[in-house]
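> would you be able to build a 3D model of this:
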Amino acid sequence: MENQEKTREELLIEVNKLQEENKKLKLQQEQSKKIWKECEEKYEQVSKHTPAAIYEIDFVNQRFVIVNDVMCEKTGYSRKELLSMNPFDILSEESKKHFKERLKGHFAGKEISELTEFCIINKAGQEVWTAIHAKYIYKNDKRVGAAVVAVDITGRRKMEEELRNSNKKYVELFENANDIIFTTDFKGNFTSVNAAAVEVYGYTKKEFLQLNIKQVIDSRYDFKRKVLSNSQSLPQVLTYTKNGQHIWVEINMRLVKHGEKLVGLQGIARNITERKQAKKALEQSESMYRTIFENTGTATTISNGDTTFFLVNSEFEKLSGYTKKELQKKKSWTQFIYNKKDLNKLKRNHYCRMLNPDRSPGYYEFKFVDREENIKDVMMIVAAIPGTSKHVASFLDLTERKQFQKEISRLEKLNLVGQMASGMAHEIRNPMTTVRGMLQIFKQKEECIPYKKKFNLMIEEMDRADYIINQTLSLAKDKPENKLYHNLNTIIETIYPLLNSSAAAACKNINLKLGEIPGLLLDENEMRQLIFNLASNGLESMSPGGDLIISTGLHNNAVLLSVEDQGEGISKDIIRKIGIPFFTTKENGTGLGLAICHGIAARHNAVIDIETGSWGTKFNVWFKI
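Numbering: from 1, shown residues only. Below you'll find the model as predicted:
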């Protein structure tokens, strides 16, 4: 009994203990429920407000177990749709392969990284890239699932793709550029070069990477100073190839930085060797063209389509009297044409030549007027410059040639008159001598005394005819010469008293201005006749009180004799006829005085020219030394 009582008490104690334990367990259970509830609430808050997608996967059943709102938002599916789906179904084809490989490794017991990236195809068919962090769930030491946090990295992937594309384009541009592209460290050691650099310089890329830029570029070029100065100009630099060939490049370099640190240089160089050679050839061609243009010996111009001068040479400056600065791009060739009829013709042909160069004449003769309003005979040869609206023209001054032709014509006339005079002089003089003798006899007879005055007049006229014959004989080309060395000043001083007395009788003055001159081979009698004829003409052209100046001097390796009067000048119409035998403006003149002077000058290899104006007239006789 006692044992039974004891057993009952022990049982009651055990029951009480169990009840106490039960109470403690209930209390712990309630606390655990409370904690669990708090955890669920916190999880729900985190899941709801986190920017990341959170979901749980059951590996065994291949189903989503839990998904948050962000996961629904990113995929476009509802929670109900996702929980009924296999996670495998929302992956891209590439990500499906990646997912299978991870599962395969998982079931094989391999250590699988908790971090990876998947591409999800959302409900709209768009790609959404995610970076996931998977925490594996274990049951009985086996992985049965995973709790996953996924972050949307679509923007980052796009940027990475764009960066890859950009890098690819850069590499393609770098390698395929026609220009030379390179980079160096800050010491100038090459760190990269493109294919163009390899092709131009003959080094391989490997060889380039062992070179310093100073081994390629001309040592006089301080590339660092140029870069640091931030110069905007593109310097032209001489460089050297592997085999020592000279290559000219136009180079642009810039600093390369990592953060604020200077780490190197990047350069782009363009091979301008051919351009430099072409420029040099062009300059040489231009120089040759300029030399030819300037030294053709004729006045040459290039004019624009609007007739203004584009370019003129120094000979045209001499012809026109204007400087290049005054002519080029300022004046037109039309301003130098004297005759309006010539101007209209030349302008019409100019515009015709612009339309069809083959249908317009290539040369013209016209009167050219220079800056001093001198009229010149000019021949212009003109041609269109192909491919442009410009024309090139050469102007030949024919004035001296035409004057020479006139002089030849005049001398031929003088020669003809002289030949006629030589042939006829004796035939005419013989009967004239007989007639003159008979007249002298008749006037002495007593019965003829009433006619004495008439006989004297007839004898004077016979003497005048003889004088004309003698003057005409002076024109003969084959007249005997008696030339000796004389000083022209001595001859002038010898006949000066005779000239001065004639001048004084007419109330006129003669002034001598004789310079130092060398002796010349002269016929003294002809020189006296030349000076006397010129002086007489000058005195006759002046009014009383006028001064006649006879001067000599040495000019341009020639002796100059000048006879200058203060008359009214000579008109242009008369100047053209001066020197023609028997042409005279004097009432009692023979028209042989100046013709004889020209004949004398020709026999002494001299030339006569005339200056005239309202101030008077000046005859210049030029004797070659």
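
> in the helix or strand where Thr183 lies, what counts as buried?
According to DSSP states H and E, Thr183 maps onto strand 180-185. Going by neighbour count (16 or more other C-beta atoms under 10 Å), the buried part of strand 180-185 is 180-184. No exception for glycine: its C-beta is placed from N, CA and C like everyone else's.

> with stretch 525-536 instead?
Neighbour counts over stretch 525-536 (16+ other C-beta under 10 Å) mark 526-536 as buried.

> and what of stretch 106-126?
Within stretch 106-126, the residues that qualify as buried are 112, 118-121, counting by 16+ other C-beta under 10 Å.

> Ser332: which of the residues you listed is nearest?
Distance to Ser332 across the buried residues of stretch 106-126 (C-beta to C-beta) is lowest for Cys119, with 78.5 Å.

> what sits closest to that closest one if chain neighbours are left out?
Take Cys119 and drop its neighbours on the chain: the residue closest to it by C-beta to C-beta, 6 or more residues apart in numbering is Ser92, 4.0 Å away.

> what's the neighbour count on that neighbour?
Using other C-beta atoms under 10 Å, Ser92 is surrounded by 16 other residues.

> that one against Glu117, yeah?
No. Ser92 is beyond contact range of Glu117, at 11.1 Å (criterion: C-beta atoms under 8 Å).

> so where's the stretch 501-625 of the chain shaky on pLDDT?
The stretch 501-625 of the chain contains residues with pLDDT under 70 at 573, 575-593.

> what segments of it are strands?
509-514, 520-522, 547-555, 558-564, 606-613, 616-624 (DSSP state E, counting those that start in this stretch).

> can you check which of these gets nearest to Asp218?
Closest among the strands of the stretch 501-625 of the chain, using C-beta to C-beta: strand 547-555, at 58.7 Å.

> just checking: what are the partner strands of that closest one?
Using DSSP bridges, strand 547-555 pairs in its sheet with strand 509-514 (parallel), strand 558-564 (antiparallel).

> quick one, the longest one and strand 606-613 angle?
Right, strand 558-564. With axes from the mean of the first three to the mean of the last three C-alpha atoms, to 10 degrees applied, the angle from strand 558-564 to strand 606-613 works out at 40 degrees.

> and Lys187, what does it touch?
Asn212 (C-beta atoms under 8 Å, 6 or more residues apart in numbering).

> my bad, Val198
Here Val198 is in contact with 204-205, 208 (criterion: C-beta under 8 Å, 6+ apart).

> one more: Glu175?
Per C-beta under 8 Å, 6+ apart, neighbours of Glu175: 194-195.

> pLDDT, distance to Lys100 and secondary structure added to the buried residues of stretch 106-126, as CSV?
As requested, the buried residues of stretch 106-126 are exported to CSV (pLDDT from 0 to 100; distance: C-beta to C-beta, whole Å; DSSP: H, G, I helix; E, B strand; the rest coil):
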residue, pLDDT, distance to Lys100, secondary structure
Ile112, 78, 12, coil
Phe118, 90, 12, strand
Cys119, 92, 14, strand
Ile120, 90, 16, strand
Ile121, 92, 16, strand
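
> from those, which is closest to Thr617?
Out of the buried residues of stretch 106-126, the member with the shortest distance to Thr617 (by C-beta to C-beta) is Cys119, at 112.6 Å.

> you'd agree the closest one is up against Val128?
Yes. At 7.2 Å, Cys119 and Val128 qualify as touching, with contact defined as C-beta under 8 Å.

> contact partners of whatever helix or strand comes next after the strand holding Thr183?
Beyond strand 180-185 on the C-terminal side, the first helix or strand identified by DSSP H and E is strand 190-193. Taking contacts as C-beta under 8 Å, 6+ apart, the residues outside strand 190-193 that touch it are 174, 180-185, 203, 205, 208-209, 211-213, 264.

> what is the nearest of those residues to Ser551?
Of the contacts of strand 190-193, the one sitting nearest to Ser551 (C-beta to C-beta) turns out to be Ile180, at 77.2 Å.

> report the distance from the helix or strand encompassing Glu317 to the chain centre.
For Glu317, the element it lies in under DSSP H and E is helix 314-320. Centre-to-centre, helix 314-320 and its host chain are 24 Å apart (C-alpha atoms, centre = their mean, to the nearest Å).

> buried residues in that helix?
315-317, 319-320.

> between these, which sits nearest Asn194?
Nearest to Asn194 out of the buried residues of helix 314-320 is Phe316 (C-beta to C-beta; 54.0 Å).

> quick check: chain neighbours aside, which residue is closest to the closest one?
Ala299 is the one closest to Phe316 (C-beta to C-beta, 6+ apart), at 3.8 Å.

> need the contact list for that neighbour.
So Ala299 contacts 312-313, 315-316, 318-320, 394-397 (C-beta under 8 Å, 6+ apart).

> how about the strands in the stretch 301-450 of the chain?
309-312, 363-369, 375-384, 391-397.

> wait, doesn't Phe309 sit right on Glu326?
No. In this structure, Phe309 is not within contact of Glu326 by C-beta under 8 Å, at 9.7 Å.

> tell me which of the two has more neighbours.
Set Phe309 next to Glu326 and count neighbours by other C-beta under 10 Å: Phe309 wins out with 23 against 14.

> look up the closest residue to the more buried one, ignoring the ones flanking it.
Nearest non-adjacent residue to Phe309, counting by C-beta to C-beta, 6+ apart: Leu327, 4.9 Å away.

> any idea how far Phe336 is from that neighbour?
Distance, Leu327 to Phe336, by C-beta to C-beta, to the nearest Å: 10 Å.

> before we move on, what about Leu211?
Distance from Leu211 to Phe336, by C-beta to C-beta: 65 Å.

> between the two, which one's more packed in?
Each of Leu211 and Phe336 has its neighbours counted (other C-beta under 10 Å); Phe336 has more, 24 against 17.

> need the contact list for that one.
By C-beta under 8 Å, 6+ apart, the residues touching Phe336 are 320, 368-370.
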